[in-house]
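Chemist: With the input below, show me the fold.
(chains A and B)
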Amino acid sequence: GQQLNQSPQSMFIQEGEDVSMNCTSSSIFNTWLWYKQEPGEGPVLLIALYKAGELTSNGRLTAQFGITRKDSFLNISASIPSDVGIYFCAGQPIQGAQKLVFGQGTRLTINP
Amino acid sequence: DSGVTQTPKHLITATGQRVTLRCSPRSGDLSVYWYQQSLDQGLQFLIHYYNGEERAKGNILERFSAQQFPDLHSELNLSSLELGDSALYFCASSLGGGGTEAFFGQGTRLTVV
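Modeler: A predicted model of the protein is given here:
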């Protein structure tokens, strides 16, 4: 089935640093989404991307839908302690469009 | 607060038992999705209902079933529980049936002992 390869699996950074993570797939996706999950909570939608090449920002977060429709990246600028959590990419496949396929997540830890 | 309500938040039960997880979608949302999150499998799609009808199935075990009621709340029934069924079960809802911009509840943590 469709799989998303998300990297890195974990990141340990200093407060104030920029962060970059990405997702790749061998399949084409219609839509890319980025979610953040904190302990004890469900995933929260951060950014949704609907067109190849689309670049969208949400505050300090920026995400892009790859031109090939097989990848996406998320950047976080000037990280702060509340950015800690697990970030998931998710894609809506062309076939089976009723569901989202999730990456394995990137665990972000920030040293103050 | 996403507006999606899941109950109970925690559930501990024995192998072989049956449990029901409940989800109330955001007001106005017609779609409900169920996902399973375990440590080694990440978030896995189970099933999607739209306005009371099943729309899509993922890798949902035959021991699991779901339904969406006329008031749009949904229940996920897990039977003949095994240790490996221990996981977080999330419900998500969206306005349409396309699977995108889904808003997740806080989840039900199921522990099978």
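Chemist: Bridge partners for B:Phe90, pull those for me.
Modeler: B:Phe90 has the following beta-bridge partners by DSSP bridges: B:Tyr35.
Chemist: State the number of residues packed around it.
Modeler: Per other CB atoms under 10 Å in any protein chain shown, the neighbour tally for B:Phe90 reads 25. Heads up, the C-betas are built off the backbone N, CA and C, glycines and all.
Chemist: how near is it to B:Ala56?
Modeler: Applying CB to CB, to the nearest Å, the value for B:Phe90 to B:Ala56 is 16 Å.
Chemist: Contacts for the worst-scoring helix or strand of chain A on mean pLDDT next, please.
Modeler: Least confident helix or strand of chain A, by mean pLDDT, DSSP states H and E, is strand A:101-102 with a mean of 90. Applying CB atoms under 8 Å, 6 or more residues apart in numbering or on different chains, the contact partners of strand A:101-102 are A:1-4, A:25, A:29, A:35, A:88-93, B:35, B:42-45.
Chemist: where along chain A do the strands fall?
Modeler: Ranges of strands in chain A, per DSSP state E, are A:5-7, A:10-14, A:19-24, A:29-37, A:44-49, A:55-58, A:61-65, A:71-76, A:85-93, A:101-102, A:106-111.
Chemist: For PyMOL, what selects the buried ones among the contacts of strand A:101-102?
Modeler: Command for PyMOL that selects the buried part of these, burial taken from 16 or more other CB atoms under 10 Å in any protein chain shown:
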select buried, (chain A and resi 2+4+25+29+35+88+89+90+91+92+93) or (chain B and resi 35+42+43+44+45)
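Chemist: Tell me the residues on chain A that lie near chain B, please.
Modeler: Residues of chain A lying near chain B by CB under 8 Å from any CB of the partner chain: A:31, A:33, A:35, A:40-45, A:48, A:50, A:88, A:90, A:92, A:96-105.
Chemist: Now with 7 Å, please.
Modeler: Residues of chain A lying near chain B by CB under 7 Å from any CB of the partner chain: A:31, A:33, A:41-43, A:45, A:48, A:88, A:92, A:96-100, A:102, A:104-105.
Chemist: Thought A:Gly85 was touching A:Met21, still the case?
Modeler: No. Between A:Met21 and A:Gly85 there is no contact under CB atoms under 7 Å: 12.0 Å.
Chemist: These two: which is more packed in?
Modeler: Neighbour tally, A:Met21 and A:Gly85, criterion other CB under 10 Å: the higher count belongs to A:Met21, 23 against 20.
Chemist: Excluding chain neighbours, what is closest to the more buried one?
Modeler: Distance criterion CB to CB, 6 or more residues apart in numbering or on different chains; nearest residue to A:Met21, sequence neighbours excluded, is A:Thr106 at 4.4 Å.
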